[in-house]
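Undergrad: please find the sequence and the predicted model below.
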Amino acid sequence: MTKKPDILRIAVAQLNPTVGDVAGNLAKAREARADAARQGADLVLYTELFLAGYPPEDLVLKPAFLKACERAAQDFAADTADGGPGVIIGTPLKRKSGTHNSIVFADGGKIIAERYKLDLPNYGEFDEKRVFQAGPEIQGPVNFRGVRIGVPICEDIWGDVGICETLAESGAEILLVPNGSPYYRAKIDVRHQVVIRQVIECGLPIIYANQLGGQDELIFDGASFAIGADKTLAFQMSQFEDAVDVTTWNRQGDHWVCSQGPMSKIPEREEADYRACMLGLRDYVNKNGFKNVVLGLSGGIDSAICAALAVDALGEERLRAVMMPYRYTSKDSLKDAEDCARALGCRYDIVPIFEPVEGFLHALTQMFEGTKEGITEENLQSRARGTILMAISNKFGSMVVTTGNKSEMSVGYATLYGDMNGGFNPIKDLYKMQVYALSRWRNSRVPPGALGPSGEVIPKNIIDKAPSAELRENQTDQDSLPPYPVLDDILECLVENEMGVDDIVARGHDRATVTRIEHLLYIAEYKRRQAAPGVKITRKNFGRDRRYPITNRFRDRG
Ligand SMILES: Nc1ncnc2c1ncn2[C@@H]1O[C@H](COP(=O)(O)OP(=O)(O)OC[C@H]2O[C@@H]([n+]3cccc(C(=O)O)c3)[C@H](O)[C@@H]2O)[C@@H](O)[C@H]1O
Ligand SMILES: Nc1ncnc2c1ncn2[C@@H]1O[C@H](COP(=O)(O)OP(=O)(O)OP(=O)(O)O)[C@@H](O)[C@H]1O
Ligand SMILES: NC(=O)CC[C@H](N)C(=O)O
């Protein structure tokens, strides 16, 4: 019989995989294992579906992809013949009972156990029932060098299905949980509460390992941690950074107690949101192979914060900012845009749109004769800008960063095939007031990992002036929309909280304004379906989280 050890060194590999890059993910796993071995680890815990990258979505339906993942898992298991640390690594596995979201547990050159996720999340951003079958039954703990380890997978610890309790009843001494848990604001507290609740139910320490990195709209923020059997935080890894941290666990009577591990400080609200946007943009651009990006810099707040995010994420040499003035562009805007580009140190070009806009107007003179000038002509300005940005993108291979905030995306205050052109939107899930808050925050701090300069990178005048699209004389956003603090509150009630009109009015809002905003929200669905993806920051983003019909006559009238 294996002698029970008194000490166990568990490494948590909080790494940034790329979905579909099975060979690259395996290489990362190997590097982390070598690192963990140097730090004296007995076992390395990776995150959910690490070899595939999470979430692999419909890739799991491809037999060739499953084969590649299975082969990588076998190869990695064979590596453990070197006598170094054992591994718990996530991978999809096709078995007789179906295709499972699984882990393989390997040691001594062999797979000593497989475990399948039992509770497949199918809400919000998750769609796992579409591609996976749930594990057929709760399988007991795995005996690893004399320690009985339970391995529930992510959602398995979120519901009330009693998986942790059952593992404890079948003799587990500690639970190691691989996760693919996407960021939303303050989610860390939610995760801690979920794990504390399970620790109370099962009486065992739980190690929670979370993925890092951007995957399309989702940001995995890492922040892996453990809660001891005494219900206190045993260790806390950093948020938004990759790391391989070794934690030391000692046997004390019946319990494993963490005696050594990191205790990283978790960023406050604005910093966390800013870093999520930065990581999301960086990973989208790099993982999709773009060398650089381009955006229209108008002298307004939205394009200014997007420019700051791009420089912080990619470096000033990888952003080209383009000011495209027309007859309504103010001197202030020209100055603000230039000041912003100078403060950020990025390339700044001026491409006037007078000729293209006049060209379009000229071509349409006859057809439009006798009609009133209005939105059509305004939109031509936006479309001329969008076309120029796409031309720059085509010529230099730069991806267009699009800059619509959540308030605008909610009510359709953006031009289709105009300022909505672009590949990715780092502020898509930030309401306008949050854009202001993050801009002020960024002027006072440079976040860790940012490549941009310190100081006032978003000129104060941009923050202080009334927002305007400058598509006609003396236009401000508030000609068409309620003040942003009012709009954002109504939108948060409608979008995130799915509240009824009566309840929103009861908060002190004007009924006509609320019903108008509700209407605008519904009729802008067609625009959002054609919009670029962007970073998810809230509990409910426009994308995977919110699936409203485009054709929709429902209006809430109490
Ligand atoms: N249900 C539906 N399904 C499919 N397509 C639908 C549709 N409803 C309209 N459409 C199409 O969409 C068109 C209207 O959308 P669109 O062409 O975007 O034009 P529209 O939404 O009418 O105008 C753009 C709005 O964005 C505002 N804005 C604010 C800030 C900045 C900027 C800027 O551009 O810089 C613009 C601008 O003031 C204006 O209110 C219709 O002509 C029609 O072709
Ligand atoms: N004169 C301009 N030069 C370059 N890009 C422009 C110009 N006007 C608009 N754009 C692009 O179109 C986008 C939408 O314009 P909009 O005026 O709504 O936003 P903004 O100027 O960044 O911020 P704000 O909404 O505060 O004015 C801008 O973010 C910018 O990318
Ligand atoms: N991948 C998962 O199973 C994640 C589900 C879990 N509720 C979370 O958000 O962390």
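TA: Right, received. Where do you want to start? Ligands and ions are numbered 1, 2, ... in the order given.
Undergrad: pretty sure Trp158 is touching Asp119, no?
TA: Yes - counting by Cβ atoms under 8 Å, Trp158 does reach Asp119; the two are 7.1 Å apart. Where you see a C-beta, it was placed from the backbone N, CA and C, and this is true even at glycine.
Undergrad: ligand 3 contacts on the chain?
TA: Within the chain, the positions near ligand 3 by Cβ under 6 Å from any ligand atom are 48, 121, 154-155, 158, 179-181.
Undergrad: now render the residues you listed as a markdown table, adding pLDDT and secondary structure.
TA: Shown next, in a markdown table, are the residues of the chain next to ligand 3 (pLDDT from 0 to 100; DSSP: H, G, I helix; E, B strand; the rest coil):
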| residue | pLDDT | secondary structure |
| --- | --- | --- |
| Glu48 | 98 | coil |
| Pro121 | 98 | coil |
| Cys154 | 98 | helix |
| Glu155 | 98 | helix |
| Trp158 | 96 | coil |
| Asn179 | 98 | strand |
| Gly180 | 98 | coil |
| Ser181 | 98 | coil |
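Undergrad: taking the protein, what residue is nearest to ligand 2?
TA: At 2.1 Å from ligand 2, Gly300 is the closest residue in the chain, using Cβ to the nearest ligand atom.
Undergrad: need the nearest residue in space to that residue, chain neighbours excluded.
TA: Nearest residue to Gly300, sequence neighbours excluded (Cβ to Cβ, 6 or more residues apart in numbering): Pro467, at 6.1 Å.
Undergrad: got the contact list for Glu48?
TA: 54, 90, 101, 153-154, 178-180, 211 (Cβ atoms under 8 Å, 6 or more residues apart in numbering).
Undergrad: ok, which pair from the residues you listed is furthest apart?
TA: Asn101 and Gln211 (13.2 Å; Cβ to Cβ).
Undergrad: got the residues of the stretch 351-500 of the chain near ligand 2?
TA: 385, 403, 419, 467-469.
Undergrad: quick check, pLDDT for the nearest residue to Gly228 once chain neighbours are set aside.
TA: The shortest distance from Gly228 to any non-neighbouring residue, by Cβ to Cβ, 6+ apart, is to Ala234 (4.2 Å). With respect to pLDDT, Ala234 scores 98.
Undergrad: what's the answer for Glu470, then?
TA: pLDDT recorded at Glu470 is 89.
Undergrad: element containing it?
TA: Counting by DSSP states H and E, no helix or strand carries Glu470.
Undergrad: Ala308 now?
TA: Judged by DSSP H and E, Ala308 forms part of helix 301-314.
Undergrad: that helix and ligand 1, any residue contact?
TA: No - on the criterion Cβ under 6 Å from any ligand atom, helix 301-314 is out of touch with ligand 1, staying 9.0 Å away.
Undergrad: rounded mean pLDDT for the helix or strand following that helix, please.
TA: Counting by DSSP H and E, the next helix or strand C-terminal to helix 301-314 is strand 319-323. Confidence for strand 319-323, expressed as mean pLDDT, is 98.
Undergrad: mind giving me the packing neighbours of strand 319-323?
TA: The helices and strands touching strand 319-323, judged by 3 or more Cβ pairs under 8 Å, 6 or more residues apart in numbering; DSSP states H and E, are strand 293-296, helix 301-314, helix 331-344, strand 347-350, helix 375-396.
Undergrad: against Lys465, how distant is Gly86?
TA: Gly86 is 59 Å from Lys465, where distance means Cβ to Cβ, to the nearest Å.
Undergrad: quick one: Ser333 and ligand 3, what's the gap?
TA: 41 Å (Cβ to the nearest ligand atom, to the nearest Å).
Undergrad: what's the closest non-adjacent residue to that residue?
TA: Of all residues not flanking Ser333 in the chain, Gly299 sits nearest, at 3.2 Å (Cβ to Cβ, 6+ apart).
Undergrad: surely Asp336 touches Gly299?
TA: Yes - in this structure, Asp336 is within contact of Gly299 by Cβ under 8 Å, at 3.7 Å.
Undergrad: who touches both of the two?
TA: Residues touching both Asp336 and Gly299 (Cβ under 8 Å, 6+ apart) are Ile462.
Undergrad: on that earlier part again, which pLDDT value belongs to the residue of the chain closest to ligand 2?
TA: pLDDT, Gly300: 98.
Undergrad: list the contacts for the residue in the stretch 251-400 of the chain that ligand 3 sits nearest to?
TA: Using Cβ to the nearest ligand atom, the single residue of the stretch 251-400 of the chain nearest to ligand 3 is Ala276, 14.4 Å away. Neighbour list for Ala276: 183, 219, 221, 240, 535, 537 [criterion: Cβ under 8 Å, 6+ apart].
Undergrad: quick one: which of the residues you listed is nearest to Ser439?
TA: Ile537 (14.8 Å).
Undergrad: coming back round to it: can I assume the residue nearest to Ser333 sits in a helix?
TA: No - using DSSP: H, G, I helix; E, B strand; the rest coil, the secondary structure at Gly299 is coil, not a helix.
Undergrad: out of the residues of the stretch 351-500 of the chain next to ligand 2, who's the most crowded?
TA: Thr403 (30 neighbours; other Cβ atoms under 10 Å).
Undergrad: that one is in what secondary structure piece?
TA: Using DSSP H and E, no helix or strand contains Thr403.
Undergrad: so it is in contact with Leu297, correct?
TA: No - shown here, Thr403 and Leu297 do not form a contact pair, counting by Cβ under 8 Å, at 9.2 Å.
Undergrad: in contact with the residue nearest to the spatial centre of the chain, which residues?
TA: The residue lying closest to the centre of the chain (Cα atoms, centre = their mean) is Ile219, at 2.1 Å. The contact partners of Ile219, taken as Cβ under 8 Å, 6+ apart, are 182-183, 213, 276, 279-280, 535-536.
Undergrad: 10 Å - rerun?
TA: 182-184, 211-213, 240, 275-281, 283, 535-537 (Cβ atoms under 10 Å, 6 or more residues apart in numbering).
Undergrad: sort out for me which of these are in helices.
TA: If you go by DSSP state H, the contacts of Ile219 have 275-281, 283 in helices.
Undergrad: from those residues, which is closest to Trp441?
TA: Arg275 (10.7 Å).
Undergrad: contacts only, for the closest residue to the closest one other than its chain neighbours.
TA: Once flanking residues are discounted, Arg275 sits nearest to Phe240: 4.5 Å by Cβ to Cβ, 6+ apart. In this structure, Phe240 makes contact with 183, 212-213, 219-223, 266-267, 271-272, 274-276, 278-279, 447-449, judged by Cβ under 10 Å, 6+ apart.
Undergrad: what about 6 Å?
TA: Contact analysis of Phe240 by Cβ atoms under 6 Å, 6 or more residues apart in numbering lists 221, 275, 279.
Undergrad: and those residues, which are buried?
TA: Listed as buried from those are 221, 275, 279; burial here means 16 or more other Cβ atoms under 10 Å.
Undergrad: low-scoring stretches of the stretch 151-300 of the chain, by residue?
TA: Within the stretch 151-300 of the chain, not a single segment meets pLDDT under 70.
Undergrad: tell me which stretches of it form strands.
TA: Along the stretch 151-300 of the chain, counting by DSSP state E, counting those that start in this stretch, strands occupy 174-179, 206-210, 212-215, 218-221, 225-227, 233-236, 243-252, 255-260, 293-296.
Undergrad: Asn461: which of those is closest?
TA: strand 293-296 (18.4 Å).
Undergrad: show me what that closest one is packed up against.
TA: helix 301-314, strand 319-323, helix 375-396 (3 or more Cβ pairs under 6 Å, 6 or more residues apart in numbering; DSSP states H and E).
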